[in-house]
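1. Give me a 3D structure for the following:
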Amino acid sequence: MPSHDARTSLRDAVRLSLFFAAIKLLVQIAGNVAAQHAGYGIFRDELYYIVCGRHLQFGYVDQPPMVALQARLADGLFGHGNLALLRIFAGLAGAAKVFLTGMLTWALGGRRTAQILAMLGVLCAAIYLGIDAFLSMNSFEPVFWMLCVFAIIRIVQGADPALWWTVFGVSAGLGLENKHSEIFFLIALLLAIALLPQRRILLSRWVAVSVAIIALLGLPNLLWQIHYHFPTVQWLLNVAHSGKDVKLSPPEFLFAQFAFLNPLNIFIWGTGLVWLLVSKRARDYRFIGLTYLILLALMMALHGKDYYLSPIYPMLFAAGGCAWDWTPASSPEKKITAVVLASLIVMTTIFFFPMSVPVLSPPRFVTYMRVTHLHTIDTEEHKPGLLPQFYADMIGWQQMADAIAAAYNSLPAQDRARAGIFCGNYGEAGAVDVLARQYGIPNAISGHQTYWLWGSHGYTGDVMVIASGATLDQVREVFSSAQVAAHMDNIYSIPHEHINIYIARGRKKAYQQNWNDVKVWR
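-> Numbering: from 1, shown residues only. Alright, predicted model coming up:
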């Protein structure tokens, strides 16, 4: 175990890490307050997660159960009207990530200055400011990954293997119930350890206990997958062959890493990677750098989305803090360079902040992008709009919910008694189920993702309100009659949500007869 002077005792390291974690939480809360004030609402996926939370299961077509449980708690405790409260768990996860970065730096032998630089880098990383600003599984993913890394570091340092292999097992198991991509991280970590002298830690009998814990925690979702014939695998295969996701070349993938972490941060995490691979001080921790390289190669080979690698960077920031660390005997040039670097990172973060968190109103953000010539890298193929995809998906959902409710309530009483609402995707269906409940209309049905598993709710299609990107002629091919009740045309919403709301009658085949035909898993 590395030696720590009085300034970097465990108590001091914890206190400093908690201080920066508190700053992170306050930044995320303030960002969400500003975003709501600027006119942004619930994100498309958040609507879906809230509905999933109202249908708690051990799995869903496109995610394990933890994000639905997170949504259930947030919605149950705070409702969905206040974005800062709805997203409080994401902010807390971001704070935990900063805290773990500080503790990883301490565990690698870094002093107070190393902790500060490492945590500052994570706090200012654009990707983390973004993913910690909304309810999802992505904010929690780095927490589980980094807790696994911290546990392995402590085991390598000779700490109690019973304790730390248990911590590893619990963190890895919960991580699998949060997001399945943790499998790739665990594979990369295992390969890295097996290729280096640290492989000796894998001979401990406590490894079997850790594996058993992982299997036990992951079993509920596995049994759910088996029961429904592995829908997540079907979904992933469909996505891979749909052309939906942008496939980046290796250079494009690497550039995205440089961009979304804040360009100047490469002098921290990039230096950290080099330090891990070549420094004698980092000899026992070489597996961390190798884990990153293996996972980087794996993600590029699989054409993963650029942000899939983002959970791994806190450990490189921690290593970078150690590489930049100084002692009283360090040269003045090193100290001055580190201070200047930290100052520049903070200033650039302030400048780029509107690209991570939507604190500017849509018109002002459009002006900001035009003046700065900045743009985002979208991860999915779609028709471009005025706003980046992530921001546009926070616009227009209440308007859509109101229009669908108005169309439903315009029906004669005898029609309303048997009418249903069909939506083309989970965003539209989520808007009905979450934002239109006040109007007393029924929950939506849809063939998209887990909505398909929830079925047709017994609707035959005799009278339906339909929110869909289909044309009027396409709707009339399926129904005996149809008319346009409203049109969604918010200029700032995502273009493929500029859709019609239809009132349709007389579905030619009852939903139960061809429910498989409306299934959309991609």
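2. Quick check: nearest residue in space to the spatially most central residue of the chain, chain neighbours excluded?
-> By C-alpha atoms, centre = their mean, the chain has its centre lying nearest to Asn138, at 2.4 Å. Nearest residue to Asn138, sequence neighbours excluded (C-beta to C-beta, 6 or more residues apart in numbering): Ile131, at 4.3 Å. Every C-beta, even on glycine, is put in place using the N, C-alpha and C of the backbone.
3. send the alpha carbons of the helix or strand where Ala486 lies over as PDB?
-> Element membership of Ala486 [criterion: DSSP states H and E] is strand 479-487. Output in PDB follows, covering the C-alpha atoms of strand 479-487 (Å, rounded to 0.1, in the frame of the first residue of the first chain):
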ATOM      1  CA  PHE A 479     -58.900   1.600 -40.300                       C
ATOM      2  CA  SER A 480     -62.200   2.000 -42.000                       C
ATOM      3  CA  SER A 481     -62.100   5.800 -41.400                       C
ATOM      4  CA  ALA A 482     -59.700   8.300 -40.000                       C
ATOM      5  CA  GLN A 483     -59.400  12.100 -39.600                       C
ATOM      6  CA  VAL A 484     -56.700  14.400 -38.400                       C
ATOM      7  CA  ALA A 485     -57.500  15.900 -35.000                       C
ATOM      8  CA  ALA A 486     -54.300  17.900 -34.400                       C
ATOM      9  CA  HIS A 487     -50.800  18.400 -35.700                       C
END
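4. Average pLDDT for it, rounded please.
-> Regarding strand 479-487, the rounded mean pLDDT is 96.
5. quick check: angle from the helix or strand following it to strand 479-487?
-> For strand 479-487, the following helix or strand on the C-terminal side (DSSP H and E) is strand 500-507. Interaxial angle, strand 500-507 versus strand 479-487 (axes from the mean of the first three to the mean of the last three C-alpha atoms, to 10 degrees): 160 degrees.
6. Isn't Ser446 up against Phe422?
-> Yes - Ser446 lies in contact with Phe422 (C-beta atoms under 8 Å); the separation is 6.7 Å.
7. Looking at the two, which is more packed in?
-> Ser446 (27 against 24; other C-beta atoms under 10 Å).
8. and the more buried one, how far is that from Val520?
-> Look at Ser446 and Val520: by C-beta to C-beta, to the nearest Å, they are 8 Å apart.
9. One more: Ala34?
-> 35 Å.
10. Assumed Lys509 was part of a helix.
-> No - looking at Lys509 with DSSP: H, G, I helix; E, B strand; the rest coil, it is coil, so not inside a helix.
11. Let me see the contact set for it.
-> Taking C-beta atoms under 8 Å, 6 or more residues apart in numbering, we find Lys509 in contact with Gly461, Val478.
12. Got phi/psi on it?
-> Main-chain torsions, Lys509, degrees, to the nearest 10: phi -130, psi 130.
13. Ser446 too?
-> Taking degrees, to the nearest 10 as the convention, Ser446 sits at phi -160, psi 160.
14. Now it: closest residue in space, sequence neighbours ignored.
-> Closest residue in space to Ser446, ignoring its immediate chain neighbours: Ala429 at 4.2 Å, by C-beta to C-beta, 6+ apart.
15. What is the neighbour count of the one you found?
-> 27.
16. how long is stretch 409-423 end to end?
-> End-to-end distance for stretch 409-423: 17 Å, by C-alpha to C-alpha, to the nearest Å.
17. Next: stretch 292-308.
-> 12 Å.
18. For it, give me every contacting residue.
-> Residues contacting stretch 292-308 (C-beta under 8 Å, 6+ apart): 127, 131, 138, 181, 184-185, 187-188, 191-192, 245-248, 250, 252-253, 256-257, 260, 273, 309, 312, 315-316, 377, 379.
19. Please tell me the pLDDT value assigned to Leu191.
-> pLDDT, read off for Leu191, is 97.
20. For the one helix or strand it maps to, buried residues please.
-> Assigned by DSSP H and E, Leu191 falls within helix 182-194. Using 16 or more other C-beta atoms under 10 Å as the test for burial, helix 182-194 gives Glu182, Phe184, Phe185, Leu186, Ala188, Leu189, Leu191, Ala192, Ile193.
21. could you dump those to a markdown table with distance to Tyr40?
-> Putting those into a markdown table (distance: C-beta to C-beta, whole Å) gives the following:
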| residue | distance to Tyr40 |
| --- | --- |
| Glu182 | 30 |
| Phe184 | 32 |
| Phe185 | 31 |
| Leu186 | 35 |
| Ala188 | 36 |
| Leu189 | 37 |
| Leu191 | 42 |
| Ala192 | 40 |
| Ile193 | 43 |
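22. quick one: which two of those are the most distant?
-> Greatest spatial distance in those: Glu182 and Ile193, 16.1 Å, computed using C-beta to C-beta.
23. any idea how far Asp160 is from Arg154?
-> 8 Å.
24. Who has more neighbours out of the two?
-> Using other C-beta under 10 Å as the criterion, Asp160 and Arg154 rank with Arg154 on top: 19 against 12.
25. And the helix holding Leu191, what does it pack against?
-> Applying 3 or more C-beta pairs under 8 Å, 6 or more residues apart in numbering; DSSP states H and E, one finds that helix 182-194 makes contact with helix 141-156, helix 161-178, helix 286-301.
26. gap between it and the chain center?
-> Distance of helix 182-194 from the chain centroid (C-alpha atoms, centre = their mean, to the nearest Å) equals 21 Å.
27. That helix versus helix 286-301: what angle between them?
-> Using the same axes, to 10 degrees: helix 182-194 against helix 286-301 is 140 degrees.
28. circling back: more neighbours: Ala34 and Val520, which one.
-> Ala34 (18 against 15).
29. so what's the more buried one closest to, chain neighbours aside?
-> Excluding the flanking residues, the one nearest Ala34 by C-beta to C-beta, 6+ apart is Val359, at 4.1 Å.
30. residue contacts, the one you found?
-> Counting by C-beta under 8 Å, 6+ apart, Val359 makes contact with Gly31, Ala34, Ala35, Ala38, Phe353.
31. ok, back up a step: find residues that contact each of Ser446 and Val520.
-> Joint contacts of Ser446 and Val520 (C-beta under 8 Å, 6+ apart) are Gly424, Asn425, Trp452.
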